[in-house]
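Colleague: When you get a sec, could you give me coordinates for this:
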Amino acid sequence: MVKYDNVLIIGSGGREHCLGWKISQSAKVKKIFFAPGNGGTETNVPIAMDDLNRLRQFAKDNSCLTVVGPERPLALGIVNVFEEYELPIFGPSKKSSRLEWSKVYAKQFMNKYGIPTAPFSTFSDAGEAEQYVNSLPDPPVIKVDGLAQGKGVVVSANCDDAINAIRNFTSRNNSEKDHIRVIVEKRLYGNEISFIALCDGSSIMPLVSSQDHKRANDNDLGPNTGGMGAFSPIPFINSELYHKIVKRIIDPTLHGLKDSGTRFKGFLYAGLMIEQETKEPYVLEFNVRMGDPECQSIMTRMKSDLVDYLEATIEGTLSSKSPIEWKQDCAVCVVMASRGYPGKYETGKVIYGLDATLGNDVYVFHSGTIKDKQNRLITNGGRVLSVTGMGPDLRTASNRAYSAVKNIHWGNDEEYYRNDIGYKALQVNKTGPHSHSL
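Modeller: Prediction:
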């Protein structure tokens, strides 16, 4: 690997703050830069995430290993740009990242390589999609092709709901709106999990299990969001299910990527549904980066030096590495959002109570925050903070997270969060760490 002294983390969310927090524990790194970062990150660089050439020049001038957090720079080809100049960077190429930035491609990829996923049809014409929805016996899931920051999926409650989703997606003000495609997909029922692994193009290094909470409201109601919370580990994942996921999903995905002429290097994230009747895993979506807020519940449990594994991923030597060491503690991450998210919300509210969360096995990672002229932290987005509690079991971790959440506030009752992150797992009789490493 090309020698580096510092790390440049691209992104501005809780995931990037958390990755920086974990990387800062490595003796290999002198300094961490964030581009553009947020109010909770230090040494921010005022370069936009899509300004690839300026990011490249900064990384070169400051001897940086670059770690890409969000999907957009990957879809724009930032890895290709950096590799052209022989700059070390962690993340998949533009071609590899197509698994995320084109849902249509991902579904076709899964069909081609026999990866289990829900039956679907693809439409470029809204009228044809609506006619198809009217012919279905049950309300489907509607997805829009392309990146949508976690908001490109509608799990419809009825036929009208599905048709409204199609019309909303296809009427977006987009310079290529004539080419917008939607997927009409059969809805699956069961438990959603996030299977995230480091992948160096030939082998994988699985991370511990985590479960995201996509819907905005308690009891998994309301619209999809970028994620309202996560916990780790998942009590019901055992060795049998783990090996089934690897054999039926991860192995054929790696084969398919190689067969398509690309070596995937980075975080490979399979969003899975464990179907409630058969207990079989199905792929809901692929992501090509670390999840947010899954990152916050995973990285707080990691004992090993993350940088060692980032380097091995880039170099293609993961198979020679020892398995990652993990804390036995559980983690529960609760996202605090601006009221109204994922719809309209206000920003610029001063945040109070963060000092009260210090210690007590609680970590607060920033997303939608900035500092004002008085150096006060103020809200600057939909998802504002990720409050992560640790504990010997999920109940303790949850109690610590929510105790901290209750101390934080901004505006006049303008903060919002779900009250049930991890509660499904707490209903399982096993609330402590499970036996399998996943």
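
Colleague: Give me the contacts around stretch 124-132.
Modeller: 121, 123, 163, 166-167, 170, 179-182, 184 (CB atoms under 8 Å, 6 or more residues apart in numbering). Placement of C-beta: from N, CA and C, glycine included.

Colleague: okay, now the domains of this protein?
Modeller: Using automatic domain parsing, the domain ranges for the chain come out as 6-91, 119-185, 190-427.

Colleague: Make CSV from the ones you listed and add mean neighbour count to it.
Modeller: As requested, those are exported to CSV (neighbours: other CB atoms under 10 Å):
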stretch, mean neighbour count
domain 6-91, 20
domain 119-185, 16
domain 190-427, 19
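
Colleague: Hmm, G266 and R289 touching each other?
Modeller: Yes: the criterion here is CB atoms under 8 Å, and R289 meets it with G266 at 6.8 Å.

Colleague: Now do the shared contacts for the two.
Modeller: With CB under 8 Å, 6+ apart, R289 and G266 have common neighbours 68, 74, 91.

Colleague: Report the beta-bridge partners for the first one.
Modeller: To tie it back to what came earlier, the one meant is V68. I10 (DSSP bridges).

Colleague: Was I right to think it contacts M290?
Modeller: No: using CB under 8 Å, V68 makes no contact with M290, being 9.6 Å away.

Colleague: Now do the strands in the stretch 201-350 of the chain.
Modeller: Assigned by DSSP state E, counting those that start in this stretch, the strands in the stretch 201-350 of the chain fall at 204-206, 211-212, 215-217, 221-224, 229-232, 265-275, 281-287, 330-338.

Colleague: related to what we said a few turns ago, among the domains of the chain, which gets the worst mean confidence?
Modeller: Comparing mean pLDDT across the domains of the chain, the lowest value falls on domain 119-185: a mean of 85.

Colleague: for the domains of the chain, which one sits closest to M110?
Modeller: For those, the distance to M110 is smallest for domain 190-427, at 6.0 Å, taking CB to CB.

Colleague: mind checking how far the residue of the chain positioned farthest from its centre is from S121?
Modeller: When each C-alpha in the chain is compared with the mean C-alpha position (CA atoms, centre = their mean), S135 comes out farthest, at 33.9 Å. Distance of S135 to S121, given as CB to CB, to the nearest Å: 10 Å.

Colleague: for V332, same thing?
Modeller: Counting by CB to CB - V332 and S121 are separated by 38 Å.

Colleague: so K143 is in which element?
Modeller: strand 141-144 (DSSP states H and E).

Colleague: so what does that strand touch, helix or strand wise?
Modeller: strand 153-155, helix 159-170, strand 182-185 (3 or more CB pairs under 8 Å, 6 or more residues apart in numbering; DSSP states H and E).

Colleague: ok, now how distant is E185 from G411?
Modeller: E185 is 38 Å from G411, where distance means CB to CB.

Colleague: how about H409, what does it touch?
Modeller: With CB under 8 Å, 6+ apart, H409 has these contacts: 351-353, 415.

Colleague: what's near enough to touch the residue lying closest to S320 once chain neighbours are set aside?
Modeller: Nearest residue to S320, sequence neighbours excluded (CB to CB, 6 or more residues apart in numbering): A312, at 7.3 Å. By CB under 8 Å, 6+ apart, the residues touching A312 are 198, 200, 205, 318, 320-321.

Colleague: okay, among these, which ones form the most distant pair?
Modeller: So, these by CB to CB: farthest apart are L198 and S320, at 13.0 Å.

Colleague: host element of T388?
Modeller: Using DSSP H and E, T388 falls in strand 383-391.

Colleague: Packing partners of that strand?
Modeller: helix 14-23, helix 294-299, strand 330-338, strand 362-366, helix 394-405.

Colleague: wait, which of those is closest to I250?
Modeller: It is, among the helices and strands packed on strand 383-391 and with distance given as CB to CB, helix 294-299, at 16.5 Å.

Colleague: ok, now which ones touch E275?
Modeller: With CB under 8 Å, 6+ apart, E275 has these contacts: 188-190, 281-282.

Colleague: typo on my end, D212
Modeller: 192, 194, 227, 229-230, 271, 291, 293-294.

Colleague: L52 versus H243, what's the distance?
Modeller: Distance check for H243 against L52: by CB to CB, it reads 40 Å.

Colleague: do the same with A331
Modeller: Counting by CB to CB, the gap from A331 to L52 is 33 Å.

Colleague: just V350 next, same as before
Modeller: For V350, the distance to L52 - CB to CB - is 35 Å.

Colleague: ok, I274 touching S194?
Modeller: No: contact between I274 and S194 fails when scored by CB under 8 Å: they sit 11.6 Å apart.

Colleague: so K321 makes contact with D308?
Modeller: Yes: in terms of CB under 8 Å, K321 counts as a neighbour of D308; the distance is 7.2 Å.

Colleague: for the most centrally placed residue in the chain, phi and psi?
Modeller: The centre of the chain sits closest to G291, judged by CA atoms, centre = their mean, with a distance of 1.7 Å. As for G291, its main-chain torsions (degrees, to the nearest 10) stand at phi -70, psi 160.

Colleague: so what's it up against?
Modeller: Contacts of G291 by CB under 8 Å, 6+ apart are 15, 194, 196, 210, 212, 227, 230, 269.

Colleague: Let's see that with 7 Å instead.
Modeller: Residues near G291 by CB atoms under 7 Å, 6 or more residues apart in numbering: 194, 196, 212, 269.

Colleague: With distance to T396 added, can I get the residues you listed in CSV?
Modeller: Output for the contacts of G291, formatted as CSV (distance: CB to CB, whole Å):
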residue, distance to T396
S194, 22
I196, 24
D212, 21
Y269, 27
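
Colleague: Which one of those residues is nearest to A425?
Modeller: Top of the list for closeness to A425, among the contacts of G291 and by CB to CB, is D212 at 12.5 Å.

Colleague: And the helices in the stretch 1-150 of the chain, which stretches?
Modeller: 14-23, 52-61, 71-76, 78-84, 98-101, 103-112, 126-134 (DSSP state H, counting those that start in this stretch).

Colleague: now the ones you listed in TSV, with distance to Y341?
Modeller: Below are the helices of the stretch 1-150 of the chain laid out as TSV (distance: least, CB to CB, whole Å):
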stretch	distance to Y341
helix 14-23	14
helix 52-61	28
helix 71-76	19
helix 78-84	27
helix 98-101	22
helix 103-112	23
helix 126-134	27
